[in-house]
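Colleague: Here is a sequence with its predicted model. Questions after.
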Amino acid sequence: MTGTHAPTASTATTTPDIKQRESLFSAYRTEIAIAIAIVLLALAVGSQVPQALTWGNFANITQAGAPLIIMSLGVLLVVITGGIDLSVGSVFSLTGMVTAQAMSSGFGGLSAGLIGLFVGLVFGSLNGFLVTIAGLAPFVVTLITFAVAGSLAFIVTNGRSMPIGDPDFWLLNSGSMIPGVPNYILFCVVLLILIELFLKKMVAGRWFYAVGSSSMAAYLLGIPVKRTKFMAYVASSLLASFAGLLTISYILNAESTAGSSLMLQAIAAVVIGGASLLGGTGTAVGAVLGALMITVIQNGVNLIGINSFWQGSVTGAAILIAVLIDRFSKSRRGAV
């Protein structure tokens, strides 16, 4: 029996570890590239403005980016199913106005916050109903609710900004349910983990990818296509409402136009994070990193002293680059 050797314990345990690391790298290749790009961006800005690399600035970036991160996670669920949600920015604004108005009418912070979340539930259900039951195109449906919610955000208070009446409402954003961890970080981390595990590990989460890849094939496989799409739109609007609550908790003021630019930014974050607008792909990790990249870009533009009006152009360029990279990588895979 010479010439044959049984694998040693170290070899037997090392090989699965290597394979696991390789599979993890391949599964999150895009996300790793985005993380590296964020670091390079931060270093590039830091070379011009050393203040950019301080812990204080990192804290500002995470706190400013938290609402966009949360909103992007909701938009991701819709995009994975092959849909689009253009209403999230208006729902964000309306939630803040309704919550502030409720406080001025005598409701406490908790009750007013629940009323604000109800705005997201209503508009998410309306979007889901019109897309799944009425059979209307997601672009048309959410464009309508974008206009309606945006209009209502002005009507609620006649376009006036509203101060937050509950002096303790700031705790929702900057308080600490876990000592040493601000709530805005805790909410982002918990939602990231929950949504990523839901999409990757749960059967219902895999339905989202199946529906986005082919609704007809998913239906033939017995997947509840309409229910899956409906829940995606409800989750998207609820997370947009929660992001709105987090923002008014931070600035202690509600503005009717607060979410006017966030819809584009949320979609951009999802696309930059590796999701396809055709559906069937995307991760929560990618959406969070995409939102962080946009926030880092905005922060860098402000610190360097570039006119803030250029932020939209930079965001648009980032979307274009992400889409071109996605198209190029898919064409290469198809050619292999």
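Modeller: Ah, there it is. Numbering: from 1, shown residues only.

Colleague: Only C-alpha atoms from now on, for both contacts and neighbour counts.
Modeller: Fine.

Colleague: The residue nearest the centre of the chain in helix, strand or coil?
Modeller: When CA atoms, centre = their mean is applied to the chain, the residue found nearest the centroid is S72 (1.4 Å). Three-state assignment for S72 (DSSP: H, G, I helix; E, B strand; the rest coil): helix.

Colleague: Do you have the helices of the protein handy? List them.
Modeller: With DSSP state H as the criterion, the chain has helices at 9-27, 29-48, 55-80, 88-104, 109-132, 138-155, 171-174, 183-201, 203-213, 215-220, 225-251, 262-272, 284-304, 311-335.

Colleague: Name the residues of the third one that are buried.
Modeller: So the one you mean is helix 55-80. For helix 55-80, the neighbour count (16 or more other CA atoms under 10 Å) marks 58, 61-80 as buried.

Colleague: Could you list the low-confidence segments of the stretch 201-336 of the chain?
Modeller: 308, 322-323, 325-336 (pLDDT under 70).

Colleague: One more pass at 50, please.
Modeller: For the stretch 201-336 of the chain, applying pLDDT under 50 flags the ranges 336.

Colleague: quick one: which of the helices of the chain is nearest M162?
Modeller: helix 88-104 (6.0 Å; CA to CA).

Colleague: Report the mean per-residue pLDDT for the closest one.
Modeller: Here helix 88-104 scores 95 as its mean pLDDT.

Colleague: what sits against S261?
Modeller: G89 (CA atoms under 8 Å, 6 or more residues apart in numbering).

Colleague: what's around P182, how many residues?
Modeller: Look at P182: counted by other CA atoms under 10 Å, it has 17 neighbours.

Colleague: Please list all residues in contact with it.
Modeller: P182 sits next to N173, S174, G175, S176 when contact means CA under 8 Å, 6+ apart.

Colleague: Then V148?
Modeller: Applying CA under 8 Å, 6+ apart, no residues contact V148.

Colleague: go on, G150?
Modeller: Counting by CA under 8 Å, 6+ apart, G150 makes contact with S90, V91, S93, L94, S256, T257.

Colleague: top of these by neighbour count?
Modeller: When neighbours are counted by other CA under 10 Å, V91 leads the contacts of G150 with 39 neighbours.

Colleague: residues contacting it?
Modeller: By CA under 8 Å, 6+ apart, the neighbours of V91 are V119, G120, F123, F146, A149, G150, S237, A240, S241, G259.

Colleague: again, only using 6 Å
Modeller: A149 (CA atoms under 6 Å, 6 or more residues apart in numbering).

Colleague: mind checking how far it is from I80?
Modeller: With distances taken as CA to CA, to the nearest Å, V91 is found 20 Å from I80.

Colleague: cool, and G108?
Modeller: Distance, G108 to I80, using CA to CA: 37 Å.

Colleague: ok, now G89?
Modeller: 19 Å.
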